[in-house]
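Participant: I'd like to go over a predicted model; first the sequence, then the structure.
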Amino acid sequence: MKHLTTQEQFVLCLALGLLLTGLAVKTWRTAHPPVRVLSQH
């Protein structure tokens, strides 16, 4: 079994971290939709 180099481990962790961050932001935005302010004319 081939072990990953330090650089490969770093890239893999970075990619997984970005993926999880994007998923968390998507989930949070779905649960908290933006409040629309009605302009009064």
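Facilitator: Right, received. Where do you want to start?

Participant: pLDDT on stretch 28-41, on average?
Facilitator: For stretch 28-41, mean pLDDT rounds to 84.

Participant: How far away from the center of its chain is that stretch?
Facilitator: Between the centre of stretch 28-41 and the centre of its chain there are 22 Å (C-alpha atoms, centre = their mean, to the nearest Å).

Participant: do stretch 22-31 as well
Facilitator: Centre-to-centre, stretch 22-31 and its host chain are 8 Å apart (C-alpha atoms, centre = their mean).

Participant: which residues in the protein form helices?
Facilitator: For the chain, the helices defined by DSSP state H cover 6-31.

Participant: Report the separation between L20 and R29.
Facilitator: Distance from L20 to R29, counting by C-beta to C-beta, to the nearest Å: 15 Å. Glycine gets a C-beta too; all of them are placed from N, C-alpha and C.

Participant: now swap in C13 and tell me
Facilitator: Counting by C-beta to C-beta, the gap from C13 to R29 is 25 Å.

Participant: And the residue most central in space within the chain, how far from T6?
Facilitator: Centroid-nearest residue in the chain, with C-alpha atoms, centre = their mean: G22, separated by 1.6 Å. With distances taken as C-beta to C-beta, G22 is found 25 Å from T6.

Participant: Look at W28 and say how many residues are nearby.
Facilitator: For W28, the count of nearby residues is 9 (other C-beta atoms under 10 Å).

Participant: please begin residue numbering at 18 from this point
Facilitator: Fine by me, first position is 18 from now on; the one you just mentioned is W45.

Participant: check contacts around it.
Facilitator: For W45, no contacting residues are found, by C-beta atoms under 8 Å, 6 or more residues apart in numbering.

Participant: Look up how far T23 lies from it.
Facilitator: To T23, W45 is 32 Å away according to C-beta to C-beta.

Participant: cool, and L33?
Facilitator: From L33 to T23 the distance is 16 Å (C-beta to C-beta).
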